[in-house]
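>>> model the following, please.
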Amino acid sequence: MKTRLFIMVCLLFSLTSCNKWLDVELENKVDEDKLFSTAEGFQEALAGVYSQMAGKSMYGQALTMEYVDLMGQYYSYNSVGTAYTYFKDFDYTNSGVKSTIASFWNNLYNCIASANNILNWADKNKSVLGETNRNQVRGEALALRAFLHFDLYRLFCPDVKLSPRAEGIPYNKEFGVALPPMYTVEEFVQLVINDLKEAETLLVGDPIVSTVPYTLGTKSDADKYVARMNLYSVKAMLARAYQAKGDNVKAVAYAKEVIESGKFRLLEFASVDQTEALSDVLFSDEHIFSLRNKELKDYSEKLHRDESKNGVTSFKPLPFGSYYNWYEGNNDDVRYSKWFNLGDFMKYYMDNTDAFFRKMPMIKLSEMYLIVAECSFDTDSETSLEYLNVLRDHRIRNHVHLQYLSKESIHDEMRREYLGEGQMWYVMKRNNLKIETGASSGDIEPSDVVYVFPMPDAEIEDGHR
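Next up is the predicted model:
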């Protein structure tokens, strides 16, 4: 019953056409009055949003280890498959690239519409939930709405620090609105923060407050708290949003609040010093928010492994670049020794799904340390160095502390850390870094031409943008 409902909810919110991304028609497969007539129904609806987000066309692959990591220069520029040629060259005029970009837009706004529908019903059926459950449902839905809008900002808007008054994109705050208003980039980011602040207030009684997920019996038990937007993922998102805005003081404050909560812990080497079946190469105890998808191994294999069939070898479409150099060939760095094996990428290859359900990390504790390191760099270099060294203590055996720090070394650590997670592109954009392709044509200078996806043609034409 539960699986059927998950599927139906996802189908309910699937997009019917590119030019009607907000006109989400309710299908007869689900009687909404019935679905939202119980507290369990609201949870099923939320689960449907997470399921859709975890899919191959979103964070399960496309928006993490595939296209966003391709732009983040994790893959060998001269060796990627022909299907990715135009994307690697940032040719946003190519019809195939435009179609892919439009799918990002549609899928993200589609999930936002789903979250808004849950909020709509939480207001309509207040008596069904009661105050405690209603706060939880509304807080989680608002957090999802903010999370999804923030990634739309990171993909489709200029950097807020450089172009705060530039025209942004629609922020959709209501279900069923045909044309939500456009906002400037600065206004858009503030709306993300507003949603997160409201969610933070509503989730004050979140079950995670009285639980330490990594101490529970199994990782699946922990996932009940972290495979969803919880109070601390909201605080972590606030750290992200304030960092993006350039408010380093607030970014550091929120990142430290998550770190000091004690709900998550950095990698203990004992957790990876196990047989392959029991090795926690995802560093699960650090997950603040992750999305479960048992197909991640299959997705990764198709992108990152050669395939032999009937004596014919098809080469991997996305071969990694100079990962030996990223990790300085240091076998004491567990990211290097555990995530790669004879050139194969192993991060999502866990076969023991009883111990570790496959999941894509959305926000990790390590990112909070890196936010403190980056946002403190200009004003408090000692704190910046301290937090980076603490993180490296939990990544590199026999780690000798760095005595000197540069912005570049912080970004290098981010590259080592975010492999396969779709975050490095945003680091590059936020810092206006040049794109080092390693191609004979040379590096690509930073500009909105490469760092900002164009709004889909259908939205411009039908939305009169």
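
>>> C-alpha only now, for contacts and for neighbours.
Fine.

>>> can you give me the helices in the stretch 1-150 of the chain?
2-12, 32-35, 39-53, 67-71, 85-88, 95-124, 126-156 (DSSP state H, counting those that start in this stretch).

>>> ok, which of those comes nearest residue 300?
helix 67-71 (12.4 Å; C-alpha to C-alpha).

>>> what's next to the closest one, contact-wise?
Contact with helix 67-71 is made by 62, 75, 87, 88, 318, 419, 420, 421, 422, 423, 424, 425, as judged by C-alpha atoms under 8 Å, 6 or more residues apart in numbering.

>>> quick check: buried residues in it?
Judged by neighbour count (16 or more other C-alpha atoms under 10 Å), helix 67-71 contains these buried residues: 67, 68, 69, 70, 71.

>>> repeat for stretch 238-246
238, 239, 240, 241, 242, 243, 244, 245.

>>> give me every residue that touches the third one.
Going back to what we said before, that points to residue 240. Contacts for residue 240 (C-alpha under 8 Å, 6+ apart) come out as 251, 371.

>>> state the pLDDT value of it.
Looking at residue 240, its pLDDT is 99.

>>> before we move on, what about the last one?
According to the predicted model, the pLDDT of residue 245 comes to 98.

>>> was I right to think it contacts residue 189?
Yes - with contact defined as C-alpha atoms under 8 Å, residue 245 reaches residue 189; the gap is 7.5 Å.

>>> give me the common contacts of those two.
residue 160.

>>> can you flag the buried ones in the contacts of helix 67-71?
62, 75, 87, 88, 318, 419, 420, 421, 422, 423, 424, 425.

>>> in CSV: those, plus pLDDT.
Shown next, in CSV, are the buried ones among the contacts of helix 67-71 (pLDDT from 0 to 100):
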residue, pLDDT
62, 98
75, 96
87, 95
88, 94
318, 96
419, 97
420, 97
421, 98
422, 98
423, 98
424, 98
425, 98
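
>>> state the distance from residue 128 to residue 203.
18 Å (C-alpha to C-alpha, to the nearest Å).

>>> scratch that, residue 236
14 Å.

>>> for residue 359, same thing?
24 Å.

>>> also residue 60?
26 Å.

>>> show me what contacts the residue nearest the centre of the chain?
Nearest to the mean C-alpha position of the chain, counting by C-alpha atoms, centre = their mean, stands residue 362 at 4.0 Å. By C-alpha under 8 Å, 6+ apart, the contact set of residue 362 is 287, 288, 289, 290, 291, 421.

>>> could you do residue 91 as well?
Residue 91 neighbours (C-alpha under 8 Å, 6+ apart): residue 97.

>>> tell me the pLDDT at residue 2?
36.

>>> correction: residue 465
Each residue has a pLDDT score; the one for residue 465 is 65.

>>> export the buried residues of stretch 238-246 as CSV, with columns for secondary structure and distance to residue 43.
Converted to CSV, the buried residues of stretch 238-246 look like this (DSSP: H, G, I helix; E, B strand; the rest coil; distance: C-alpha to C-alpha, whole Å):
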residue, secondary structure, distance to residue 43
238, helix, 24
239, helix, 27
240, helix, 26
241, helix, 27
242, helix, 30
243, helix, 31
244, helix, 31
245, helix, 33
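
>>> which one of those is nearest to residue 258?
Nearest member of these to residue 258, counting by C-alpha to C-alpha, is residue 239, at 9.3 Å.

>>> excluding chain neighbours, what is closest to the closest one?
residue 251 (4.1 Å; C-alpha to C-alpha, 6 or more residues apart in numbering).

>>> wait, the one you found sits on residue 237?
No - with contact defined as C-alpha under 8 Å, residue 251 does not reach residue 237; the gap is 9.3 Å.

>>> quick one on the thing from earlier: SS state for the residue nearest to residue 239?
Recorded secondary structure, residue 251: helix (DSSP: H, G, I helix; E, B strand; the rest coil).

>>> and what of residue 291?
Once three-state DSSP is applied, residue 291 turns out strand.

>>> so it makes contact with residue 360?
Yes - taking C-alpha under 8 Å as the definition, residue 291 is a contact partner of residue 360 at 5.2 Å.

>>> distance of residue 200 from residue 116?
With C-alpha to C-alpha as the criterion, residue 200 and residue 116 are 17 Å apart.

>>> please apply the same query to residue 122.
As judged by C-alpha to C-alpha, residue 122 and residue 116 stand 10 Å apart.

>>> check residue 208 too.
With C-alpha to C-alpha as the criterion, residue 208 and residue 116 are 24 Å apart.

>>> higher neighbour count, these two?
residue 116 (22 against 18; other C-alpha atoms under 10 Å).

>>> for residue 314, phi and psi?
In terms of degrees, to the nearest 10, the main-chain angles of residue 314 are phi -100, psi 120.

>>> could you do residue 311 as well?
Torsion angles, degrees, to the nearest 10, at residue 311: phi 80, psi 0.

>>> the one 4 residues further on now?
Residue 315 adopts backbone torsions of phi -80, psi 150, taken as degrees, to the nearest 10.
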